[in-house]
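1. fold the stuff below for me.
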Amino acid sequence: MEKHRCGWCVGDPLYERYHDDEWGVPLYDDNKLFEFLILETFQAGLSWITVLRKRENFRKAFDNFDYKKIANYKQSKIDALLQDAGIIRNKLKVKATVTNAQAFINIQNEFGSFSDYIWGFVNRKPIKNNLKNHKNAPANTALSDMISKDLKKRGFKFVGTTVVYAHMQATGMVNDHEMSCFRYSEV
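-> Modelled structure (predicted):
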């Protein structure tokens with residue numbers, strides 16, 4: 001019998017695999033949290049599938065999302081990234097990735113880990129929503145507004161409330177799987 005999935009991913013094997021294996025699974029690993037933060041940053045104004053299809057290219061281009069390396073990128077590396085057709089070549093987003101890596105490290109220094117910082121907003125426990133249809137999922141919430149404001153205060157760029165909410169969904173801080181989806185109760 002075919003598993004019921006959230007409607008947003010049905011029909012594209014890459015989307016379905018991402019949905020089944022990653023989306024909404026609580027993530028506490030700083031390396032993965034940074035990866036998702038950067039991917040969400042690049043997704044701003046675009047579709048997620050666009051970013052997902054370029055994910056491996058992003059991994060190669062950005063040193064496997066090693067934020068310690070990225071925080072030290074020089075202008076020559078930024079210029080090279082802007083020539084890389086395998087990624088989204090947005091000058092502001094590429095520069096923001098370097099800035100965000102630096103801010104990420106600052107948060108680690110202050111809180112012990114980025115995970116402790118970001119999960120502190122939800123008391124380290126995912127918020128479980130009761131969506132009947134993915135189309136009813138909010139684009140942002142009062143909580144994503146608050147997190148966005150705090151991240152910006154700490155120097156992050158391209159972390160508007162919608163980007164933050166998408167990050168919360170992707171990293172399992174909020175469970176927005178449809179209640180009829182097989183992953184709803186699993187995550």
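2. any idea which element the spatially most central residue of the chain lies in?
-> By Cα atoms, centre = their mean, the chain has its centre lying nearest to F36, at 3.1 Å. Assessed by DSSP states H and E, F36 sits inside helix 30-43.
3. mean confidence (pLDDT) on that helix, please.
-> If you average the pLDDT over helix 30-43, you get 96.
4. and the next helix or strand past it?
-> Counting by DSSP H and E, what follows helix 30-43 is helix 48-53.
5. helix or strand next in line after that next one, which one?
-> Next element after helix 48-53 (DSSP H and E): helix 55-61.
6. I'd like the mean pLDDT over that following helix, please.
-> 98.
7. which secondary structure elements does whichever helix or strand comes after it contact?
-> Going down the chain from helix 55-61, the next helix or strand is helix 67-70, by DSSP H and E. Secondary-structure packing of helix 67-70 (3 or more Cβ pairs under 8 Å, 6 or more residues apart in numbering; DSSP states H and E): helix 30-43, helix 91-111. Glycine gets a C-beta too; all of them are placed from N, C-alpha and C.
8. show me what counts as buried in helix 67-70.
-> Y67, I70 (16 or more other Cβ atoms under 10 Å).
9. could you export it as PDB, CA atoms only?
-> The C-alpha coordinates for helix 67-70 follow below in PDB (Å, rounded to 0.1, in the frame of the first residue of the first chain):
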ATOM      1  CA  TYR A  67      31.100  27.200   8.800                       C
ATOM      2  CA  LYS A  68      34.600  27.600  10.300                       C
ATOM      3  CA  LYS A  69      36.100  27.700   6.700                       C
ATOM      4  CA  ILE A  70      33.200  29.800   5.400                       C
END
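10. name all residues that make contact with the residue nearest to the centre of the chain.
-> Listed by Cβ atoms under 8 Å, 6 or more residues apart in numbering, the contact set of F36 reads L27, H167, A170, T171.
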